[in-house]
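Visitor: Sequence plus predicted model, see below.
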Amino acid sequence: MLRIAAGAVVALLASSGPALAQQPGFEPAYGSADLSAADDHRIELKAGGHEDASRVGRGCVGMVADYPDFVFNYTPGEAPLIITATSRADTTLLLNFPDGSWACNDDGGEGDPNPGIVIHRPPAGRYDVWVGAKQPHPAPDAVLRISATLED
């Protein structure tokens, strides 16, 4: 089970910066959904791509696709928004927030190689998600989870 440590590093990046290959707002490869804090949503996908996530900002790693893997429109509640990816391979997360800012994570913390991002007061709106891979060939199987809890 993924355990995100209190001190886990999640890079939060401003929306301004270099031209990016990542295209938020475009049609996702693995679908989209309208989600709320009460939902526990899982998507099976292939992680990785041909673009280096470090172009988004310092602290972002892995290879990701041009277009998002999954997009969701989120209606928040009192619970946090938790986005994780699990795989037998070393995966990463790249997230574009409704306001255009970015976050990324490599390892969720406490020695877990799976990435996780916890947003304690998530804004409502569209989130674009990429699941990256450190070794993109062959593209590893992964499960993206969007939930309000880490419990399975």
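Guide: That came through fine.
Visitor: so how far is residue 43 from the spatially closest residue to residue 89 that is not a sequence neighbour?
Guide: Excluding the flanking residues, the one nearest residue 89 by CB to CB, 6 or more residues apart in numbering is residue 140, at 3.4 Å. Backbone N, C-alpha and C define where each C-beta goes, glycine included. Taking CB to CB, to the nearest Å as the measure, residue 140 falls 14 Å from residue 43.
Visitor: circling back: for the residue nearest to residue 89, which residues are in contact?
Guide: 46, 47, 48, 87, 88, 89, 91, 133 (CB atoms under 8 Å, 6 or more residues apart in numbering).
Visitor: how about those in TSV, adding neighbour count and secondary structure?
Guide: Shown next, in TSV, are the contacts of residue 140 (neighbours: other CB atoms under 10 Å; DSSP: H, G, I helix; E, B strand; the rest coil):
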residue	neighbour count	secondary structure
46	18	strand
47	29	coil
48	27	coil
87	20	coil
88	10	coil
89	17	coil
91	28	strand
133	24	strand
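Visitor: Centre-most residue in the protein?
Guide: The residue lying closest to the centre of the chain (CA atoms, centre = their mean) is residue 93, at 3.7 Å.
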